[in-house]
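Participant: model the following, please.
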Amino acid sequence: MGAEQPVAFTADDYRARIRRAVDEATDAGLAGLLITPGPDLTYLTGYRPTAITERLTVLVLGQDTEPTLLVPVLERPDAEAATGAPALTLADWRDGQDPYAVAAPLLKPGARYGISDSTWAMHLLGLQHALPETTYASLTQALPMLRAVKDPHELGRLAAAGLAADETFRQMLGVRFAGRTENEVAADLARLLREHGHNQVDFTVVGSGPNGANPHHEAGDRTIAEGDMVVLDFGGLKFGYGSDTTRTVHVGEPTDEEREVHDIVRRAQQAGFDAVAPGVPCEEIDRAARKVITDAGYGEYFIHRTGHGIGLTTHEPPYLVEGERRPLVPGMCFSIEPGIYLPGRFGVRIEDIVTCTPDGGRRLNNTPHELAIVS
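Facilitator: Residues are numbered from 1 along each chain as shown. The predicted structure is shown next:
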C-alpha cells in the first residue's frame with residue numbers, strides 16, 4: 001500500500017517558483033524575501049534541513065540579486081544535494097563567525113523584506129542588529145498566497161494523501177469502538193495512515209460523547225461506550241503534502257436528535273462545497289455553510305471557521321472565514337469542515353479537502369457523508 005510515487009519536482013520547477021515569489025514580493029513593495037527553514041524554504045528550493053537549530057540558514061531573494069542560500073558550512077553538503085540547488089548560489093559561514101555579519105552584505109540596508117513566519121526570534125533580532133535600518137514583514141501578511149495555488153504535481157500529491165485518508169476511514173469502520181479508549185482508537189488511525197503511505201501523522205482526534213463537543217479534543221483515556229457519537233479527525237503528510245478529513249460515527253443506534261444534527265452538518269458541508277467556484281470570495285464558502293446551521297437553530301454551536309488551506313502543512317492560507325475577501329482561484333486547496341458542538345453532550349463535524357477547478361469544486365476526500373454506525 002502507498003507504493004505509488006509522485007512526479008518529482010525539478011530544478012526548473014524551483015526556478016519558476018522563485019521567480020514568481022520575487023515578482024510577488026516586488027508587487028507587494030518589498031525589496032525581497034528572507035526564507036528560513038520551514039515549508040516556504042521547502043517549497044522554493046526542495047531543501048528541508050535535518051534539524052532547525054540555533055544556526056542561521058536563510059534564502060535571500062531579491063529582484064536584482066542572484067537567489068542565495070546561506071547555510072552553516074557543516075550543512076552545505078545537504079543543501080548542495082537539494083533538488084533546487086542548481087537554481088541557487090550557495091554561501092556558508094563557520095562556527096565562530098557572526099552569521100548575521102555574513103548575511104548583511106546580501107541585503108540592502110534600509111530596505112523592507114518579507115520574512116518567514118517560522119524564523120526564530122534570535123535570528124530576526126540578529127539581522128536587525130546587523131542592519132538596524134532594515135525592516136521586515138511576516139510572509140503571512142505580505143504574501144499570504146505564496147503557496148496557495150497548487151500546480152498539477154502538487155495536486156497529485158494532495159490527491160494521494162486524501163485517498164490514503166479515505167482508505168484509513170473505510171478500514172476504521174470495521175474497528176471495534178465500544179469498550180476501548182479514545183487513545184486506542186487513535187492508535188488505530190495512526191497505524192492505518194502509515195500503512196497507507198503517510199510518512200508523518202500530525203493528528204488523530206477521537207472525540208467521543210461529550211468530548212466531541214471540543215473541536216480540538218485530543219484523544220484521551222475515556223472509554224467509548226454504546227450510544228456515543230464519535231468525531232474522528234485525522235491526517236498528516238504523504239509525499240510531503242497534507243491530508244485532513246473528519247467523519248463522525250455513532251456506536252450503536254443513534255437517537256432522532258443525533259441523526260438530525262448530523263444531517264444538518266452534512267447539508268452545511270454540501271452547501272459550502274456547492275458554493276466553490278473561481279472568483280468567489282473565501283468568506284462566501286463560510287457563509288454558505290454557516291447559513292444552513294444557523295437556519296436550523298444551531299448557529300451558536302458552530303464555533304470555528306469553515307476551512308483552511310492545505311499543502312506542505314495541514315493549516316495554511318487561504319482561510320474560509322468571514323472577512324476573507326480574496327477570491328478562489330483554480331488550484332487552491334482547502335478544507336470545508338462545518339460542525340455543531342453541544343457542550344456536555346456530543347459534537348458532529350464533517351470535513352473534506354476540496355480543490356477549486358475552473359468548473360467548481362472537486363473533493364479530494366470521497367468517503368460517504370452519511371452517519372456510519374460502528375460497534
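
Participant: domain-wise, how is the protein divided?
Facilitator: Split into domains by automatic domain parsing, the chain comes to 11-142, 152-374.

Participant: which one, of these, ends up nearest to E4?
Facilitator: E4 lies closest, by C-beta to C-beta, to one member of the domains of the chain: domain 152-374, at 6.7 Å. Quick note: C-beta positions are derived from backbone N, CA and C, even for glycine.

Participant: what's the mean pLDDT across that closest one?
Facilitator: The predicted model gives domain 152-374 an average pLDDT of 98.

Participant: send me stretch 183-192 as PDB with only the CA atoms.
Facilitator: What follows is stretch 183-192, C-alpha atoms only, in PDB (Å, rounded to 0.1, in the frame of the first residue of the first chain):
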ATOM      1  CA  ASN A 183      -6.300   6.600  22.700                       C
ATOM      2  CA  GLU A 184      -6.600   3.000  21.500                       C
ATOM      3  CA  VAL A 185      -8.800   4.100  18.600                       C
ATOM      4  CA  ALA A 186      -6.400   7.000  17.800                       C
ATOM      5  CA  ALA A 187      -3.500   4.400  17.600                       C
ATOM      6  CA  ASP A 188      -5.500   2.500  15.000                       C
ATOM      7  CA  LEU A 189      -5.900   5.700  13.000                       C
ATOM      8  CA  ALA A 190      -2.200   6.500  13.100                       C
ATOM      9  CA  ARG A 191      -1.300   2.900  12.200                       C
ATOM     10  CA  LEU A 192      -3.600   2.800   9.200                       C
END
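
Participant: buried set for that stretch?
Facilitator: 184-186, 188-190, 192 (16 or more other C-beta atoms under 10 Å).

Participant: what sits closest to A165 if chain neighbours are left out?
Facilitator: Nearest residue to A165 in three dimensions, chain neighbours excluded: S243, at 4.0 Å (C-beta to C-beta, 6 or more residues apart in numbering).

Participant: following element in sequence after the helix or strand in which A79 is found, please.
Facilitator: Assigned by DSSP states H and E, A79 belongs to helix 76-81. For helix 76-81, the succeeding helix or strand toward the C-terminus, using DSSP H and E, is strand 89-93.

Participant: just checking, what packs against that next one?
Facilitator: strand 68-72, helix 76-81, helix 99-103 (3 or more C-beta pairs under 8 Å, 6 or more residues apart in numbering; DSSP states H and E).

Participant: so which residues of the stretch 1-150 of the chain form helices?
Facilitator: With helices called from DSSP state H, counting those that start in this stretch, the stretch 1-150 of the chain shows them at 11-27, 39-45, 76-81, 99-103, 121-130, 139-142.
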